[in-house]
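J.: Sharing a model prediction with you, sequence too.
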Amino acid sequence: MLTLVTGTTGQVGRRFVPRLLAQARPGDEVRVLVRDEARAAGLADLGAQVVTGDLRDTGTLGKALAGADAVVNIAAAFRGVPDEEAWAVNRDAALELGRAAAASGVRRFVQVSTNLVYGTGRGRPHTETDPVVPGGPMWGAYSQSKAEAEQGLLAMEDLDVRVGRLAFVYGEGDPHLAQSMRWAAHWAATQRLQMVHHADAAQGLLRLLRAPGADGRVYNIADDAPVTTVELHQLNGLEVPDALHGQEDTDPWLGIVSTDRIRHELGFRPLYPSVWTARDAGAL
């Protein structure tokens, strides 16, 4: 099976592809699409085929998809980019990739998404059957564009699409944990953030890629123990400002998800059930 992976120089992709290569079965091949070939040198050394081009260039897609059996679309324009770029990469390019994949005879398409697509909380952990309810402090072009990409891809009749909704990804030197303080510095002390270690993000996506009978299914990929604002300060070696204890958490279920489906259907069990487990293992 030849698998094309996009977004392979980002925080998730650069950690996913080595694991995909390490777990390759006889006859498996991995191809990566990158804009800068030099940034993929390490992946090429591990055995990945490298195609240079922009995901938003339809002329590149035919070359990248030639002979491919599956796609894992990790490419994303994250927070901090102009809204136009978020829409162009997260929705428009994802849908064009899906259409091109179907036309090329690709059998399986894994779309990497985010738990932020749920929007506002429901008073309980979000499940994959919950509708999108826009709103909340983390809603914006990133979340909305990812939600619309999911919807459009799942509607494609000639493509076996599986969606993995990742919680806040961290670990293995990823700066996300430190960057969480951009928001957590202003949260209520009790507000929670659900996370997933890169090892478990990769585990979940590999299960989506290889599972039979997961066509059209959506799966939350997260650890078992959301952390509070106080804990995020502690993990980053920071004092907790007294003012945070006086703030109210107006949506305590924002971004908190259930992983029952991926556990029961695909056998997922986090290698790092909590960030504290990862810390103790030296995996931050």
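T.: Perfect, I can see it now.
J.: so what's the backbone phi/psi at residue 100?
T.: phi -70, psi -40 (degrees, to the nearest 10).
J.: Mind checking what secondary structure residue 207 has?
T.: Here residue 207 is recorded as helix under DSSP: H, G, I helix; E, B strand; the rest coil.
J.: Show the model's pLDDT score for the residue of the chain most remote from its centre.
T.: In the chain, residue 242 marks the outermost C-alpha relative to the chain mean, sitting 33.5 Å out by CA atoms, centre = their mean. What the model reports for residue 242 is a pLDDT of 94.
J.: Kindly report the same for residue 138.
T.: 85.
J.: now the strands for this structure?
T.: Secondary structure of the chain by DSSP state E: the strands cover 2-6, 29-34, 49-52, 70-73, 108-114, 160-166, 168-170, 192-193, 195-197, 218-221, 227-228.
J.: tell me the most buried of those?
T.: Comparing the strands of the chain by mean neighbour count (mean count of other CB atoms under 10 Å), strand 195-197 comes out on top with a mean of 28. For glycine as for every other residue, the C-beta is placed from the backbone atoms N, C-alpha and C.
J.: Can you say which of the strands of the chain is nearest to residue 246?
T.: For residue 246, the closest of the strands of the chain is strand 227-228, at 15.2 Å, according to CB to CB.
J.: Note down every partner strand of the closest one and its orientation.
T.: Strand pairing for strand 227-228, determined by DSSP bridges: strand 192-193 (antiparallel).
J.: model confidence over the partner strand, on average?
T.: Here the average pLDDT along strand 192-193 is 97.
J.: got the strands of the chain as TSV, with distance to residue 17 columns?
T.: Output for the strands of the chain, formatted as TSV (distance: least, CB to CB, whole Å):
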stretch	distance to residue 17
strand 2-6	6
strand 29-34	6
strand 49-52	11
strand 70-73	9
strand 108-114	13
strand 160-166	15
strand 168-170	15
strand 192-193	26
strand 195-197	17
strand 218-221	17
strand 227-228	28
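J.: Would you mark the buried spots in stretch 71-86?
T.: 71, 72, 73, 74, 75, 76, 77, 86 (16 or more other CB atoms under 10 Å).
J.: just for this structure, where's the confidence low?
T.: In the prediction, the chain carries no residues with pLDDT under 70.
J.: for the strands of the chain, which one sits closest to residue 177?
T.: Once those are compared by CB to CB, strand 168-170 is nearest, at 4.6 Å.
J.: Show me what the closest one is packed against.
T.: Packing partners of strand 168-170 (3 or more CB pairs under 8 Å, 6 or more residues apart in numbering; DSSP states H and E): helix 176-179, strand 195-197, helix 198-210.
J.: among these, which is nearest residue 253?
T.: strand 195-197 (15.6 Å).
J.: list the helices and strands that closest one packs on?
T.: strand 168-170, helix 275-280.
J.: Give me the contact list for the longest one.
T.: Same thing as helix 275-280. 170, 171, 177, 195, 197, 223, 225, 227, 231, 235, 272, 284 (CB atoms under 8 Å, 6 or more residues apart in numbering).
J.: got the contact list for the first one?
T.: Each residue near residue 170 by CB under 8 Å, 6+ apart is listed here: 176, 177, 180, 195, 196, 197, 198, 275, 278, 284.
J.: Are any of these buried, and if so which?
T.: 177, 180, 195, 196, 197, 198, 275, 278, 284.
J.: Let me know whether the last one touches residue 178 as I believe.
T.: To tie it back to what came earlier, the one meant is residue 284. No. Contact criterion CB atoms under 8 Å: residue 284 and residue 178 do not qualify, at 10.0 Å.
J.: Enumerate every residue touching the nearest residue to residue 156 once chain neighbours are set aside.
T.: Distance criterion CB to CB, 6 or more residues apart in numbering; nearest residue to residue 156, sequence neighbours excluded, is residue 98 at 5.6 Å. By CB under 8 Å, 6+ apart, the residues touching residue 98 are 73, 109, 111, 152, 153, 156, 159, 161.
J.: Leaving out sequence neighbours, find the closest residue to the fourth one.
T.: The one in question is residue 152. residue 95 (4.7 Å).
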